[in-house]
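*Asks:* Sequence and predicted structure, then a few things I'm wondering about:
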Amino acid sequence: MARKITYQQAINEALSQEMTRDPSVIVMGEDNHGGEGSPGEQDAWGGVLGVTKGLYHKFPGRVIDTPISESAFIGAAIGAATNGLRPVAELMFVDFMGVCFDQIFNQAAKFRYMFGGKAETPVVIRTMYGAGFRAAAQHSQCLYSLFTHIPGLKVVMPATPYDAKGMLIQAIRDNDPVIFCEHKMLYTLEGEVPEESYTVPFGEANVVREGDDVTVVTLGRMVHFSDQAAQAMQKKGVHVEVIDLRTTSPLDEATILESVARTGRLVVVDESNPRCSIAGDIAGIVAQKAFGDLKAPIEQVTAPHAPVPFSGALEDLYIPSVASIEGAISRVVEYRK
Amino acid sequence: MATELTKERLLEAYRTMRTIREFEDRIHADFSTGEIPGFVHLYAGEEASATGIIMHLSKADYIASTHRGHGHCIAKGVDVMSMMAEIWGKVTGTCRGKGGSMHIADLEQGMMGANGIVGGGGPLICGAALAMKMRKTDNVAICFFGDGASNQGTIFEAMNLATVWNLPVIFVAENNGYAEATSSSYSVACDNIADRASAFGMPGVIVDGFDFFAVHEAAGEAIARARKGGGPTLLEVKLSRYYGHFEGDQQKYRAPNEVANIKAAKDCLTSFAKRVTASGQLSQSDLARIDSEVGALIDESVRRAKSDPQPTAEDLLTDVYVSY
Amino acid sequence: MISVPVVPPSRQASELHQGGSRPIPGSLPLSMPTHYATVGIIANPASGRDIRRLTAKASVFPTVEKANMIQRVLGALGATGIDRVLMMPDMTGIAAAVKRAVAAHAAESHIRWPEVEFMEMDISESVDDTFNAVELMCRRGVAAIVVLGGDGTHRAVAMRCGETPMATLSTGTNNAFPDLREATTAGFAAGLVASGRVAACNATRVNKRLLVEAPGRREVALVDVCVTRHLHVASRALWDAESLDELFVAFAEPDAVGLSSIAGLLHPVSRSAAHGLHVKFANDGREAIRHITAPIAPGLLASVGIAAFEVFPAESSISVATGSGTIALDGEREIEFGPQDHIVVRLDLRGPRTIDVAATMGFAAQRGLLDI
């Protein structure tokens, strides 16, 4: 049996292996080691949830604490990337993109095209997203669709420890800016992860479960919810194919369209708010390119169009549930014209 | 204190300033005929700043520029022919016609890009400087920004970070008195942008941006300090732009004759020429020769830019990693 | 252009007082104005921001502090019965801050401040503003001018203020001429002089000045004239001892900071002596007779080789020997000259009149002028 580690350990291991391999890789962010300039311990935190713990002592001078000044250090990571470094900058919570978005979408995303192909910006911005932590409206969002909207950015959404490691290594080696989205509720998820270095290519969806009755396209934490729903439906004799997008940009359209061609039924499960979302985007693509294959209207399972609530009682209602996914699957199966 | 500039260096300074002036004057004229597309912000009047500062740099030193970036590009060694072609939107342009006036960049020359976002360059230049510092070079990075950008949070954040990380960055506030149509005497809450330096733990210096020698000397001190690991400096260069915020701006917000008076009293090229000839360092014929060579160069750049090909549909989706 | 006053000298404090009805000096309560007297205030918005912030460790003098100093001066002038203050307007925040402070003071305090009037004048954001403001003040008959600035600002005021006494306040660390002292006391002394409580003869002194004649221009320095081998004025300040060729000082104090400290450490010359000092530096093959360490700028201790130095009397003219270079006035390069240009430096005893704060306050104490 292969080794099992957590999603969080997988990310740490990817950083460590890439920093060993390539001295131009640096890590920076708020409290990425924790304790800079303080009288006590260095590497006191290793990131707010401990994801980068231990790298500071392993790679002296290459794990840099920053002021709480996202425009400055996200921009600095981008600038350093144009001058020979491969920075992995941590935007602690994706909700904080609002204070530094210009540097990401007007600067990093545009350089290569706007400068006629003469600039490369090999920067990775790691960021934490998702609800379930009782962290309320400003620390729980799923803003990956905003990044996906921007040409020039790659947006990566690993759902498993295996993908987290392989895709982070891929992201660090990529010469375009990559937004690497980590679901905070997945950090403790364990899974099989090879010890050696490997990459998972971008733009290739992962068919988590095969089935011919319904296609469920999903991403991030919802991959696991969707798989549970599919398992439950299996008992009812409905064979669900679950597709983990893994990257929203680039997008593996071919796998989606091929699956829908077989099943004729599509449910998209997306933890984010419904308007202008990945769910809406996938539904739009399928409606346009596979209209003839569809046997039922496309169902979208998303959070409601509301901020993320604090109270656990409300947040549990807010996040798409296994039951709501089962309901949507049932509706597309039972649909009659 | 810097030693006196050699004759070759003085000629180079004059050639750079004259090239910028001629380039901008020509674009101003051509824009008015409707031939040049888009937004164009001209640097004429501010030449002593770009020239006096960038003369201290090598290719491995980086600059981040602004929407008013032609002067910085020229001083940093970006090819004038390709710049003119870029501004005309041609495939032979510096950015193959995909950037335009506001986005000319040439990383091989250490030019990180003009920038359409006011204050956008501050964080970026910190990164370039961080890379220099981590590689243990003695390179420096210059962030040009205007009085408008001086009020942007990105500039404050970048100044703070530069001091926190002791980066080899010179923040150059080119204060031309107007952010678009709004006076800096209204929009900048303190009396001088340089005063903000002390809040970020760095020296703040004001220098006369009409005087090449003043800019060159002050920048030389700041750059030498940064190269030795002395950290960042904020240099406020007080100057004036001759043309509007963008081409087409009638500058009705300025006092009548304001530009004419400044030109008559302070023009950087006139004052440079007067002083180097009075001191006997250069002759009138030295300067006249450069004037005519630069005139010919700009003529040629416009001639080529007009006749060069446009980009085609095949160019639309190149240089971006994926499209749908 | 120089120091010949272009406006009539203002009325002396003592003249101003003649129409008054003061029975015995010092017997009046301070709160009671004796007569109408006006004081000018010049605050240079640009001072304290030159390259010495980078090359030396000179202080940054914030606008807010200049405005605070002005408020302290206003309080002191109000207490000495001055009823009107004329101020130079500016576009950079001092005037605006003072206006806000005056309004706030009127709303919340019963302590009397003079009425503050900002003069109507065009602003060029150059030294011309100071020239114009001082001329207007003198025309309006101010009895004293409080100056906040560095050597350069005081020099500009001195070139236009005629006999009107100046209360000098240094804004920053890099000055030899103005006093580095608390604004309240300076304002107090200025008020005592301007209101006529202390006569000018007991409170003021006439300073020396250095006159520089170059082709097409005549300039004034209050402290020192330095000949350098830099060909261009560039960023104006001087911080490289090796570029210095000659130095002329009107006075030289061993505890000064700036170029005059060199002379002060060689051969001190008081502000009242009828002579100056001429120093030649050991450059260009001239051999050093002495080497000294001097604070030529704040925090900048330079070692300089001295080839020669000698006292020169007032009214004697000395030709500059250097072939080409720049002339620095009070520490700032101002004049570029070439081999064909003949430069002459002369010391005279008709410089600006300044208020001696210590003497004024000593006189006031002796006479009980501030007793209530």
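*Replies:* Perfect, I can see it now. Numbering: from 1, shown residues only, chains lettered A, B, ... in the order given.

*Asks:* Chain C contacts on chain A?
*Replies:* With the criterion set to C-beta under 8 Å from any C-beta of the partner chain, chain A never comes near chain C. From N, CA and C alone the C-beta is placed, and that goes for glycine too.

*Asks:* residue closest to the middle of chain A?
*Replies:* Of all residues in chain A, the one closest to the mean position by C-alpha atoms, centre = their mean is A:Met157, 2.2 Å from it.

*Asks:* And for chain B?
*Replies:* Central residue of chain B (C-alpha atoms, centre = their mean): B:His72, at 3.0 Å.

*Asks:* give me every residue that touches it.
*Replies:* B:43, B:50, B:54, B:63, B:65-66, B:111, B:114, B:144 (C-beta atoms under 8 Å, 6 or more residues apart in numbering or on different chains).

*Asks:* Give the closest residue to it in space, chain neighbours not counted.
*Replies:* Distance criterion C-beta to C-beta, 6 or more residues apart in numbering or on different chains; nearest residue to B:His72, sequence neighbours excluded, is B:Ser65 at 4.1 Å.

*Asks:* what's the pLDDT at the residue nearest to the centre of chain A?
*Replies:* If you check A:Met157, the pLDDT there is 98.

*Asks:* That one against A:Tyr144, yeah?
*Replies:* Yes. Counting by C-beta atoms under 8 Å, A:Met157 touches A:Tyr144, with 6.2 Å between them.

*Asks:* Pull up the overlap in contacts between the two.
*Replies:* Counting by C-beta under 8 Å, 6+ apart, the common neighbours of A:Met157 and A:Tyr144 are A:181, A:219-220, A:248.

*Asks:* what does chain B put close to chain C?
*Replies:* So chain B meets chain C at B:1, B:4, B:185, B:189-192, B:194-195, B:197-198, B:203-208, B:211, B:213-214, B:216-218, B:221-222, B:225, B:233, B:236, B:275, B:278-281 (C-beta under 8 Å from any C-beta).

*Asks:* Burial check on the closest residue to C:Ser270 other than its chain neighbours, number of neighbours?
*Replies:* Computed as C-beta to C-beta, 6+ apart, the closest residue to C:Ser270 that is not its neighbour in sequence is C:Phe251, at 6.2 Å. By the criterion of other C-beta atoms under 10 Å in any protein chain shown, C:Phe251 has 25 neighbours.

*Asks:* Tell me who's in contact with C:Phe251.
*Replies:* C:Phe251 touches C:208, C:223, C:260, C:269-271, C:273, C:276, counting by C-beta under 8 Å, 6+ apart.

*Asks:* Next, check those residues against the strands and list the overlap.
*Replies:* The strands, defined by DSSP state E, take in C:Gly276 from the contacts of C:Phe251.

*Asks:* buried stuff in stretch B:5-20?
*Replies:* B:5, B:10-11, B:13-20 (16 or more other C-beta atoms under 10 Å in any protein chain shown).

*Asks:* same check, this time on stretch A:106-123
*Replies:* Applying 16+ other C-beta under 10 Å to stretch A:106-123 flags A:106-123 as buried.

*Asks:* Excluding residues flanking it in the chain, which one is nearest B:Gly89?
*Replies:* Here the residue nearest B:Gly89, using C-beta to C-beta, 6+ apart, is B:Gly97, at 5.0 Å.

*Asks:* give me phi/psi at residue 51?
*Replies:* With no chain named, the answer covers chain A. Backbone torsions for A:Val51, taken as degrees, to the nearest 10, come to phi -70, psi -40.

*Asks:* what's the burial count for it?
*Replies:* 25.
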